[in-house]
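Chemist: Return atomic coordinates for the entry below.
(one chain, ligands or ions: 2)
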Amino acid sequence: MDMDHAHTLSLPNGDVVKKPFLIGVAGGTASGKSTVCKKIMTELGQTDMDHTQRQVVTISQDSFYRELTAAEKAKAFQGLYNFDHPDAFDEQLMYDTLEAILKGVKVEIPGYDYKTNSLDYENKLTIYPADVVLFEGILVFYFPKIRDLFHMKLFVDTDSDTRLARRVPRDINERGRDLDAVLTQYMTFVKPAFEEFCSPTKKFADVIIPRGADNTVAIDLIVQHIRDLLNSQSSSRKGSSSNIQINMNVDLQKNNETGGKKSGLVVKIPHTPTTASNSSCSSASTITPTNIKMGSFSRPH
Ligand SMILES: Nc1ncnc2c1ncn2[C@@H]1O[C@H](COP(=O)(O)OP(=O)(O)O)[C@@H](O)[C@H]1O
Ligand SMILES: O=c1ccn([C@@H]2O[C@H](COP(=O)(O)O)[C@@H](O)[C@H]2O)c(=O)[nH]1
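Modeler: Ligands and ions are numbered 1, 2, ... in the order given. The predicted model follows:
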């Protein structure tokens, strides 16, 4: 199989399949990862579209939890199972599935039933070859092999009080939990695991989104970037030989240096976009006001 440097794969039989652009979306529990992904899909007009026709799809890391034994399930019901430890996930299956998606293969992924703490094979999600795939979850940047598959990495950064305040009612109302179990699980596993495994992965992000889905500036920028990407893909399918250029390495952190008074942005755009991966943006023009620092990076492979 011949893999070109743009966005398609040429199969030995001459067929050409899409090679998706893979975006990882990490962040603590209830930080707003799914909501951010939904907003991105909606703004791109994808949610009303037949799922076989979508150019952007979202999958959840929760679909890769390991099956629990009966004893583990009994613990889980009392909030005494650690779903926030990396070992709770099937890393190999996650990797193989993302690899298949990147090769343009149609894959089936189970849903997840939080009420029974188990994978839901009745509600499988079929992922058709798509242009952009969003993969969201608490530990999507934890595993180095998986982290390296992403072409772009977003971290949804919502403060822990807000996250707890969202998680408690969500787990009670939507995930069938009682208050005692939710708080026990949070204090025993969720909070310590966030500090140990999730929060340190923020440093791998290309874009940090403070306040999650409320941050419309960040989401609009990301959406615009994806639009540019999809446009460049469709023009390249029409015959252009240019690679996809990604001219963002955005750090959407609060601007503390200005004491929060000036919530401006600094957008640096390279004069001449290059394909050098992780290259710094030394000769850049500056657009203000913004609190975004942009470098440039390009699609790996
Ligand atoms: N910006 C927001 N304002 C208010 N509630 C929100 C916001 N973002 C998410 N929520 C709510 O918080 C809960 C967790 O959000 P979700 O997007 O599912 O987070 P995650 O995918 O990170 O667990 C959900 O009930 C959701 O409706
Ligand atoms: O059976 C389960 C599986 C997962 N969890 C908790 O879910 C979150 C991850 O989902 P978010 O949507 O990112 O919150 C994780 O913190 C697990 O503790 C669960 O409680 N039960």
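Chemist: Could I get the phi/psi values of the nearest residue to Gly212 once chain neighbours are set aside?
Modeler: Nearest non-adjacent residue to Gly212, counting by Cβ to Cβ, 6 or more residues apart in numbering: Gly32, 2.8 Å away. (C-beta placed from N, C-alpha, C; glycine too.) Per-residue torsions, Gly32: phi 110, psi 20 (degrees, to the nearest 10).
Chemist: what's the neighbour count on Glu196?
Modeler: Residues contacting Glu196 under the criterion other Cβ atoms under 10 Å number 12.
Chemist: try His85
Modeler: When neighbours are counted by other Cβ under 10 Å, His85 registers 15.
Chemist: Just the pLDDT for the closest residue to it other than its chain neighbours.
Modeler: What sits nearest to His85 in space, not counting adjacent residues and going by Cβ to Cβ, 6+ apart, is Ala193, at 5.7 Å. Listed pLDDT for Ala193 reads 98.
Chemist: need the residues of this protein near ligand 2, please.
Modeler: Proximity of the chain to ligand 2 (Cβ under 6 Å from any ligand atom) is limited to residues Thr29, Ala30, Lys33, Asp62, Tyr65, Phe83, Asp84, Tyr114, Asn117, Ile138, Val190.
Chemist: are any of the residues you listed buried, and which?
Modeler: Neighbour counting by 16 or more other Cβ atoms under 10 Å classes Thr29, Ala30, Lys33, Asp62, Tyr65, Phe83, Asp84, Tyr114, Asn117, Ile138, Val190 among the residues of the chain next to ligand 2 as buried.
Chemist: follow-up on the earlier one: so can I have TSV of the residues of the chain next to ligand 2 showing secondary structure and distance to ligand 1?
Modeler: Listed next are the residues of the chain next to ligand 2 as TSV, based on DSSP: H, G, I helix; E, B strand; the rest coil; distance: Cβ to the nearest ligand atom, whole Å:
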residue	secondary structure	distance to ligand 1
Thr29	coil	5
Ala30	coil	4
Lys33	helix	3
Asp62	helix	9
Tyr65	strand	14
Phe83	coil	12
Asp84	coil	12
Tyr114	coil	11
Asn117	coil	16
Ile138	coil	8
Val190	helix	11
